[in-house]
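no sequence for this one, just the structure:
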């Protein structure tokens, strides 16, 4: 992957996270204090159960080492802007969704490097396996996640009208860029695409469905209301594939690591559509 493309991908993710920050206000985080039980369950699902489920799926559906690493990178990622949009359309608890996305993004700065290094060592058993420096990776992920979110929140706080107008434009532009990157990855790997779909197609869809179901069931087990359970379900089942693609291409410089996330991006919209349909048809808020 050439240097220009790498820079464009990094900028695209920064724009996406900036857009998320533009949608956040301090009240989103104050809501955490009002419903800590919901936030804790959501974070356990995202940061602990999701990678475990991802690792288990790899053994149920064996895949090439590079695809497996990419699958684990995806499993390590938090929710993203798409999960917030799906929560809104499904009439879930949007404040909880946004809070979970922001908080899990911050925590993932620390958890992602650990999971990546474990995956590289476990699945690619070679002496020259790439090893990411923990501190360096923390810094790089912080640059594309935490700093843009904080900047977006500051703009929203001091220039709310400008932020509201800009947020939609930022999301539109970043979405177009992201889709272009996904198409580019799939085109570059086009000769292996059928094989990759056979390996990762069912697996990514299963990751979507299983984590969403576990998120909903775990929320209901602790007697959360349906809108909160829906938010946890969506945040658990819809991951930030843009971040996974950025890590694969920018940090690891390997488009094969981005294949699972690219396929996942397509499947998560199907899953999201199913959740929205079921929420409107069967669930009364």
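It's in. Bear in mind that the values here come from a model prediction, so they are computed numbers and not experimental data.

Only C-alpha atoms from now on, for both contacts and neighbour counts.
Will do.

so where do the helices sit in the stretch 1-150 of the chain?
3-22, 26-34, 36-44, 50-60, 65-76, 81-89, 94-123, 134-144, 146-158 (DSSP state H, counting those that start in this stretch).

Contact partners for residue 27?
Shown in contact with residue 27 (Cα atoms under 8 Å, 6 or more residues apart in numbering): no residues.

What score does it have for pLDDT?
With respect to pLDDT, residue 27 scores 70.

which stretches of the stretch 151-285 of the chain have low pLDDT?
In the predicted model, the stretch 151-285 of the chain carries pLDDT under 70 at residues 171, 174-175, 177-199, 282-285.

Which residue ranges of it form strands?
Secondary structure of the stretch 151-285 of the chain by DSSP state E, counting those that start in this stretch: no strands are present.

still on that earlier bit, take the helices of the stretch 1-150 of the chain and lay them out in TSV including distance to residue 208.
TSV is the format used below for these (distance: least, Cα to Cα, whole Å):
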stretch	distance to residue 208
helix 3-22	21
helix 26-34	25
helix 36-44	15
helix 50-60	10
helix 65-76	10
helix 81-89	12
helix 94-123	16
helix 134-144	24
helix 146-158	25
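
of these, which approaches residue 268 most closely?
Judged by Cα to Cα, the one of the helices of the stretch 1-150 of the chain that comes nearest to residue 268 is helix 81-89, at 9.1 Å.

quick one: that closest one to helix 94-123, angle?
If you take axes from the mean of the first three to the mean of the last three Cα atoms, to 10 degrees, helix 81-89 sits at 150 degrees to helix 94-123.

Quick one: residues in contact with helix 81-89.
Residues contacting helix 81-89 (Cα under 8 Å, 6+ apart): 16-17, 20, 93-94, 97-98, 101, 230-231, 234-235, 238-240, 272-273, 276.

which residue packs closest to the most centrally placed residue in the chain, ignoring adjacent ones?
Centroid-nearest residue in the chain, with Cα atoms, centre = their mean: residue 240, separated by 1.7 Å. Residue nearest to residue 240 in three dimensions, not counting chain neighbours: residue 80, with 4.5 Å by Cα to Cα, 6 or more residues apart in numbering.

and the one you found, what does it touch?
Counted by Cα under 8 Å, 6+ apart, residue 80 has contacts 101, 238-241.

one more time with 10 Å, if that's ok
The contact partners of residue 80, taken as Cα atoms under 10 Å, 6 or more residues apart in numbering, are 16-17, 20, 97-98, 100-102, 104-105, 235, 238-243.

Could you do residue 79 as well?
Counted by Cα under 10 Å, 6+ apart, residue 79 has contacts 46, 97-98, 100-105, 234-241, 243.

Any chance of the backbone angles for it?
Per-residue torsions, residue 79: phi -70, psi 170 (degrees, to the nearest 10).

distance of it from residue 65?
As for residue 79, its distance to residue 65 is 24 Å (criterion: Cα to Cα, to the nearest Å).
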